[in-house]
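S.K.: Task: produce atomic coordinates for the following.
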Amino acid sequence: MKMVMPSWFDLMGLTPDAPEDEAGIKKAAENIKAIIEHEMKNGIPPNRIILGGFSQGGALSLYTAFPQAANNGVNKDIAILQCHGEMDPMIPVRFGALTAEKLKSVVTPTKVQFKTYPGVMHSSCPQEMMAVKEFIEKLLPRI
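M.R.: Model (predicted):
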């Protein structure tokens, strides 16, 4: 929105009908894919790589991972933890719920967890961080 700040891509607006920086989103996703490829070339097995992020980073994680699931089922059984503050003034919680429902139509529905946090705005909270920790520990047990 023409403000200078760290971001993955430009935001033109925060409504469902706002234009999107499609070129910027695609470039950011390609950067993430390059990082993943680099990690795999360095011996990290693909099943030990997790994408995640906050706000734009979370959206970018979904954008990067899910074309494969939608098109050929490669990531159909991927586990997803999506968290949202119930008082988020930037991205209403209903948008998060709609995203979770869409994800359930693309991947195995029981693999999608959507957690909301009362009183939390566009930020995180200790309970959310504990949920993230438990999610990661379940997906990536110590070896």
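S.K.: Can I take it that Lys115 is in a helix?
M.R.: No - looking at Lys115 with DSSP: H, G, I helix; E, B strand; the rest coil, it is strand, so not inside a helix.
S.K.: Specify the beta-bridge partners of it.
M.R.: Counting by DSSP bridges, Lys115 is bridged to Cys83.
S.K.: So what's the residue count around Leu140?
M.R.: Leu140: 12 surrounding residues under other Cβ atoms under 10 Å. (Glycine included, C-beta is placed from N, CA and C.)
S.K.: For Leu14, see how far away the residue lying closest to it once chain neighbours are set aside is.
M.R.: What sits nearest to Leu140 in space, not counting adjacent residues and going by Cβ to Cβ, 6 or more residues apart in numbering, is Arg48, at 6.0 Å. From Arg48 across to Leu14, the span is 34 Å (Cβ to Cβ, to the nearest Å).
S.K.: buried residues in the helix or strand bottoming out on mean pLDDT in the chain?
M.R.: Across the helices and strands of the chain, mean confidence by mean pLDDT, DSSP states H and E is lowest for helix 56-72: a mean of 82. By 16 or more other Cβ atoms under 10 Å, the buried positions in helix 56-72 come out as 56, 58-66, 69.
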